[in-house]
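Chemist: Any chance you could fold what I've pasted below:
(chains A, B, C and D)
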Amino acid sequence: MSIYLDSKSVVIVQGITGREGLYHASRMREYGTKVAGGVTPGKGGQTVDKFPVFDTVSEAKQQTGADVSIIFVPPPFAADAILEAADAGIALVACITEGIPVHDMLKAVASLPPGARLIGPNCPGLVSPGEALVGIMPGHVFSRGDVGVVSRSGTLTYEIVDLLTRAGIGQSTCVGIGGDPIIGTVFVDCLRAFEKDPATAAVVLVGEIGGTDEEDAASLLTRGEFSKPVVAFIGGRSAPEGKRMGHAGAIVSGSSGTAQAKVAAFERAGVKVADSPAHIPDLISKVLRPAPHP
Amino acid sequence: MSIYLDSKSVVIVQGITGREGLYHASRMREYGTKVAGGVTPGKGGQTVDKFPVFDTVSEAKQQTGADVSIIFVPPPFAADAILEAADAGIALVACITEGIPVHDMLKAVASLPPGARLIGPNCPGLVSPGEALVGIMPGHVFSRGDVGVVSRSGTLTYEIVDLLTRAGIGQSTCVGIGGDPIIGTVFVDCLRAFEKDPATAAVVLVGEIGGTDEEDAASLLTRGEFSKPVVAFIGGRSAPEGKRMGHAGAIVSGSSGTAQAKVAAFERAGVKVADSPAHIPDLISKVLRPAPHP
Amino acid sequence: MRLLEYQGKELFAKAGIPVPPGRVAHSVDEAVAIMRANPAPSVVKAQVLIGGRGKAGGIKFCSDADDVVAPARAILGMDIKGEIARSVLIEQRMDIKKELYLSITVDRASKKPVIIASAMGGMDIEEVASREPSAIAKRPIDTAAGYWPFVGRRIGREAGIPIEALAQFAAILGKLYALFFEVGAMLLEINPLAITGDGKLVASDAKVDLDDNALFKHPEFTQWKTDAESDALKARAIKAGLGENNYVALDGDVGIIGNGAGLVMGTLDAVKSAGGEAANFLDIGGGAKAEIMREAVNIVTSNPNVKALFINIFGGITRGDEVARGLITALDGGKWSKDKLVIRLTGTNEREARDILESNGIVAVDTMNEGAKRAVALAKT
Amino acid sequence: MRLLEYQGKELFAKAGIPVPPGRVAHSVDEAVAIMRANPAPSVVKAQVLIGGRGKAGGIKFCSDADDVVAPARAILGMDIKGEIARSVLIEQRMDIKKELYLSITVDRASKKPVIIASAMGGMDIEEVASREPSAIAKRPIDTAAGYWPFVGRRIGREAGIPIEALAQFAAILGKLYALFFEVGAMLLEINPLAITGDGKLVASDAKVDLDDNALFKHPEFTQWKTDAESDALKARAIKAGLGENNYVALDGDVGIIGNGAGLVMGTLDAVKSAGGEAANFLDIGGGAKAEIMREAVNIVTSNPNVKALFINIFGGITRGDEVARGLITALDGGKWSKDKLVIRLTGTNEREARDILESNGIVAVDTMNEGAKRAVALAKT
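Modeler: Prediction:
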């Protein structure tokens, strides 16, 4: 089992005729994901690498029955692509594009219909190991298991998942929620989904400086609305104030958004916070298989 | 009984320190309406003609318990006043102001919270005879009774009500919905309210050229969603195409919005349509007290 | 306020919507100068607000400066269904392969702006709607969400716009949408939106209707006011403090004054029922004073077509005695005679009003229908 | 992109928000010319992005052209917490009776713009928030509904803005709101928003943070780019095809290259844990080719503070052999020595990568933490 995505998900790729879009469409298909085709306005009717191309998402959905879309279109057009997918009735939209104007996202998020879930933008996508991969993640590092992973980062997540897999700890679903200030799905949303997923026994949460998404997750725990064990890691503890640390959203503004505040919030909520990614497998093993009382 | 407005309604006047606002505040109070005060930003704390003045609607509501507001502020500020009232939790907002930009109203109507009912703008207000008057209607022409009146016009309504009163036919509530293209409450809304009001036995509907509000009302009847007898009058049967006939909303555009189409729609729905206002009392008497079969 | 084609195209061009190269001329000399500066196959179009100018001879062609004299002379001053062409737009001829339709208008029923598009442009959209409704795509816009290009592409697909023109179509629609809100329009219509031989979309015509109530936000449009709106009596009514819509010119011979738009419309209908036609009408509004009434009489009777004047007042807030006093002052000082006048006046202060009128030899009638009959009879004598 | 005060005030003025009369000077001569043209009691303000310039001596007063020489000379070139003041804003002094606070920012939690106002302006708003939270009014804006003046009046009342200033306050907020959307701002802050002796509201300071990702919509702001942003290495990274945020300058002595922002941040933290400080970092992104890696090494090591270079790569899409090849090319042609380098490289094509490195005499470390320790030790030798 998994959240958001499983082996029945049918995926279309918006921007499939672009270099990135086509490359990752093929990689996702190799992983075993049901990639039914793609969308590029004006190129409907073409076929690229055996993927049929449609002019609009609504035509692609009608003809393929897709319920998931992944977006690789350039930043100026990406918010439009998100809303096109949602408007066409696509239930899960993962937007990989980095560099979308924040105001475009403010408007897009405000206009999303209630039934649509957006992952990202500026995210690596998500994977339910052994079922489907929708994103740019390297499929070989993942293994099937009962730990959910949710992260604001990309490569750091692969690193952590790789450590988990090597330690024999498999994953239910791994979600990269993205590094931008305005994103569709936040930690709290993923925790709520993991709470309901019987196949998830514990969660690794990878946060970073900026915003209050981690604090919000901590208060969900404090309120008792999440019952499974959580291990967290917060990146950017050494970040100076006022600098965007690679991600547009990773910035300490004044005294808000610091790693210290986030670590403190998690510790108050009873979450184990790892000092280094290397310690995560050990901490998760302990919460999954606690040492017997002496 | 009545719709929208009754003897318990507590009213505030937005723009009470203006000439029109103060004049009608006094007239409404004379009629017996509970006018609790008014609002003019920057003039809070003053008293005009024994009415307390507040800076914001929210303060006025808190201190007087008002649930109805009537608006007399000039056109450039009127849409703002409507939304201020609705945002403060006022349930019924009657906007008298004429000449509000249509785009201001498009935005205001789209932003109205679900609990707020707007009457107008560019309307004479409404009256539940013997209970309360919120508007600029001449109180003396109304009499209490069981006929609901709803109209896009002002003086024509007074004329019709005067004819009814002289014929011994009283009214439950009379609503002037306004002559602008974009208005808050339309015929259909009023018919639905009259349907639920046990004190209303029949309805006089006064329409005019422009839009499809009358046609929408006729299809409500055709669908069987309004069960009481209706008598209608449509103004502007002699209006040429493309001219605004006094009301901004009274315009025939191409072949749409004609009086002929509206009369035909009503007649198809079984509604008696009067040729002249003078015939209305007679028609309404017939539907209220049908002649016995011979 | 409706704009003439050249004014609408000026707005379009500023908003980034492609229009054909063209200039307006108010005289034959100007037309010649334009063609001399740019001698190319051109079309000379009468600038009037009324439709059907083509059939009326208001569109002609020319190819150089000599060639423009005859068409310009023929069209300037031409009477097209009662409207005089005071200017011509001289535009380069385009190679048109296909004609589309695109408009944004305020939809009263949904209380939203609505986009209408069709691949069958160049004819009246109502005609298309009745002949081939499936050729029209219509979509209300959620003003909260605003315009997104995918909406344009989707509407374009539904309307049957050719795939290769879809991106241009969506871009033009986006600009039209922005313009719609920027100027506070009631209607922006491009019909036809032409696809040229080289695949470009160009606005071949422009129909723009602005909201009179929003003109205070756009003082820049007042320059066009005189050109588009040449009614001196309406201007006088506005000057007297009345609204944009209070004075309306019509085609008959009975002048009408009333208080309230609905009552005035009812009065017009009564005149029509009695076999007459209104020449114009003026709504004096609510609570009018004698001074406004005096000016109202002067304005309405200044129209030379007016043969009889019908005044119909229901006194609610408006006081009958004020109306009567204003009327008497107008008759005293003015050129209008009480013999060509019918007045019906009821409601507030009716008694005092009747006294004032009777002491001046005027007897008010009792009902609107009676008044209408008398006024029509008077106009025919 | 943060704007300097004078740039922010230029935006404000265009948007109709009142600012004090003032001009910017980049030299003492310019400052003298400005004061000669307008000899009035003035304030000379260092134009830096960092806060706390007042305490650092970056704000001085003068009254005429002679008088401006000393303050201008003192401030121009002044180092304020590591930032050099390259210009001064010379502004007329105002008679300030009261200081308010007003800002609009992107609120990540509600995913909406949020307005923050307070009658306690002139100090850090976070300080006000912790000392007297009731003195602050905060309201997320429903972007669908947009800004309406009543919202401004209501926020103003809640923030304790004096009644007589409320209409001005609501009007300024409306203009600030429009500007926020027009320029795609992350933050617009007026602190203090001054009430002058004659009751006028004036923006006494201006803090503007624009969205780098939206700058393509606003080519007009590129003129300010050089003034506000003087980092040549960042410019080089952008030229190499990397994003706005991929290169960041810091204060330490370890240069860092990694792939992916999160991994780089983790690497920085590991360096810090090992007792070191990063000099800068560069994220080569996903799937980088050898060419990008080569340029990355050149950019990071161009910073003269860099004593050791730590490269940390997790090969997912990025191939280890491409990274290794790029690194070797950079070392071959460049000035950087393999003795001042630590590399950790794992994942895709790790074997091939290690072979390339080892044949060039470089041995990769196995873990991030180990690499961090070595790099810090290297920087200290």
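Chemist: where in the chain is pLDDT low?
Modeler: Answering for chain A, as no chain was given. For chain A, applying pLDDT under 70 flags the ranges A:1, A:291-294.
Chemist: meant chain C actually
Modeler: Applying pLDDT under 70 to chain C flags residues C:226-230.
Chemist: near chain D, which residues of it show up?
Modeler: Within reach of chain D by Cβ under 8 Å from any Cβ of the partner chain, chain C has these residues: C:Thr143, C:Ala144, C:Ala145. (Glycine included, C-beta is placed from N, CA and C.)
Chemist: Pop out the phi and psi values for the second one.
Modeler: Taking degrees, to the nearest 10, you get phi -60, psi -50 for the backbone angles of C:Ala144.
Chemist: Just give the nearest non-adjacent residue to the closest residue to chain D within chain A, would you?
Modeler: As assessed by Cβ to the nearest Cβ, chain D sits closest to A:Ser153 within chain A, at 2.2 Å. Using Cβ to Cβ, 6 or more residues apart in numbering or on different chains and skipping residues adjacent in sequence, the residue nearest A:Ser153 is D:Gly262, 2.2 Å away.
Chemist: how about the residues of the stretch 101-250 of chain A that lie near chain C?
Modeler: Counting by Cβ under 8 Å from any Cβ, the stretch 101-250 of chain A sits next to chain C at A:Lys107, A:Ala110, A:Ser111.
Chemist: Touching, the first one and D:Thr143? I think so.
Modeler: Pointing back at A:Lys107 there. Yes: counting by Cβ atoms under 8 Å, A:Lys107 does reach D:Thr143; the two are 6.5 Å apart.
Chemist: Walking through the stretch 151-294 of chain A, point out its helices one by one.
Modeler: A:155-166, A:187-196, A:213-222, A:259-268, A:280-288 (DSSP state H, counting those that start in this stretch).
Chemist: likewise chain C?
Modeler: Under the criterion DSSP state H, helices of chain C are mapped to C:5-14, C:28-37, C:69-75, C:125-131, C:149-159, C:166-183, C:222-228, C:232-239, C:261-273, C:290-301, C:320-333, C:350-358, C:368-380.
Chemist: Okay, buried residues for the third one please.
Modeler: Judged by neighbour count using 16 or more other Cβ atoms under 10 Å in any protein chain shown, the buried positions of helix C:69-75 are C:Pro71, C:Ala72, C:Ala74, C:Ile75.
Chemist: next one: the last one
Modeler: Going by neighbour count (16+ other Cβ under 10 Å), the buried part of helix C:368-380 is C:Met368, C:Asn369, C:Gly371, C:Ala372, C:Lys373, C:Arg374, C:Ala375, C:Val376, C:Leu378, C:Ala379.
Chemist: could those residues go into CSV alongside distance to chain B?
Modeler: Shown next, in CSV, are the buried residues of helix C:368-380 (distance: Cβ to the nearest Cβ, whole Å):
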residue, distance to chain B
C:Met368, 7
C:Asn369, 6
C:Gly371, 12
C:Ala372, 9
C:Lys373, 12
C:Arg374, 15
C:Ala375, 14
C:Val376, 12
C:Leu378, 18
C:Ala379, 15
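Chemist: Could you point out which of the residues you listed is nearest to C:Met35?
Modeler: C:Ala379 (48.3 Å; Cβ to Cβ).
Chemist: quick one on the thing from earlier: tell me which of the buried residues of helix C:69-75 is nearest to chain B?
Modeler: C:Ile75 (21.7 Å).
Chemist: re earlier: which one of the helices of the stretch 151-294 of chain A is the most hemmed in?
Modeler: Sort the helices of the stretch 151-294 of chain A by mean neighbour count, taking mean count of other Cβ atoms under 10 Å in any protein chain shown, and helix A:155-166 sits at the top with a mean of 25.
Chemist: closest point of the stretch 251-381 of chain C to chain A, which residue?
Modeler: Counting by Cβ to the nearest Cβ, the stretch 251-381 of chain C gets nearest chain A through C:Ala261, at 38.4 Å.
Chemist: so what's that residue closest to, chain neighbours aside?
Modeler: Closest to C:Ala261 by Cβ to Cβ, 6+ apart is B:Gly246, at 2.7 Å.
Chemist: got it, and C:Pro113?
Modeler: Using Cβ to Cβ, 6+ apart, the nearest residue to C:Pro113 is C:Ile141, at 4.8 Å.
Chemist: ok, now which ones touch the closest residue to chain B within the stretch 151-294 of chain A?
Modeler: Nearest to chain B, among the residues of the stretch 151-294 of chain A, is A:Ile182, at 22.0 Å (Cβ to the nearest Cβ). Neighbouring residues of A:Ile182 by Cβ atoms under 8 Å, 6 or more residues apart in numbering or on different chains: A:Val102, A:Met105, A:Leu106, A:Val109, D:Val106, D:Arg108, D:Lys111.
Chemist: ok, and the closest non-adjacent residue to it?
Modeler: Here the residue nearest A:Ile182, using Cβ to Cβ, 6+ apart, is A:Met105, at 4.0 Å.
Chemist: That neighbour sits in which helix or strand?
Modeler: Using DSSP states H and E, A:Met105 sits within helix A:102-111.
Chemist: Can you give me every residue that contacts the closest residue to A:Lys243 other than its chain neighbours?
Modeler: Excluding the flanking residues, the one nearest A:Lys243 by Cβ to Cβ, 6+ apart is D:Val248, at 5.5 Å. D:Val248 makes contact with A:Lys243, A:Arg244, A:Met245, A:Gly246, D:Lys234, D:Asn280, D:Phe281, according to Cβ under 8 Å, 6+ apart.
Chemist: again with A:Gly38
Modeler: Residues near A:Gly38 by Cβ under 8 Å, 6+ apart: A:12-17, A:21, A:25, A:48, A:51-54, A:60.
Chemist: again with A:Ala108
Modeler: Here A:Ala108 is in contact with A:Ala79, A:Ile82, A:Leu83, A:Leu118 (criterion: Cβ under 8 Å, 6+ apart).
Chemist: How much space separates the first one from chain C?
Modeler: Right, the one you point to is A:Ala79. Using Cβ to the nearest Cβ, to the nearest Å, A:Ala79 is found at 8 Å from chain C.
Chemist: correct me, but that residue touches A:Asp104?
Modeler: Yes: A:Ala79 is in contact with A:Asp104 according to Cβ under 8 Å; the separation is 3.8 Å.
Chemist: Could you report the neighbour count for A:Gly168?
Modeler: A:Gly168 has 10 neighbours, counted by other Cβ atoms under 10 Å in any protein chain shown.
Chemist: no no, A:Leu106
Modeler: Residues lying near A:Leu106 (other Cβ under 10 Å) number 22.
Chemist: so who does it touch?
Modeler: Residues near A:Leu106 by Cβ under 8 Å, 6+ apart: A:Ile182, D:Val106, D:Lys111, D:Lys112, D:Pro113, D:Thr143.
Chemist: My guess is C:His218 contacts C:Ala185. True?
Modeler: No: using Cβ under 8 Å, C:His218 is not in contact with C:Ala185; the gap is 10.5 Å.
Chemist: follow-up on the earlier one: which of the contacts of A:Gly38 sit farthest apart?
Modeler: Maximum distance among those (Cβ to Cβ): 14.7 Å, for A:Gly15 and A:Pro52.
Chemist: more neighbours, those two?
Modeler: Higher neighbour count among A:Gly15 and A:Pro52: A:Gly15, with 25 against 18, using other Cβ under 10 Å.
Chemist: winner for burial among the helices of chain C?
Modeler: Mean neighbour count (mean count of other Cβ under 10 Å) peaks for helix C:261-273 among the helices of chain C, with a mean of 28.
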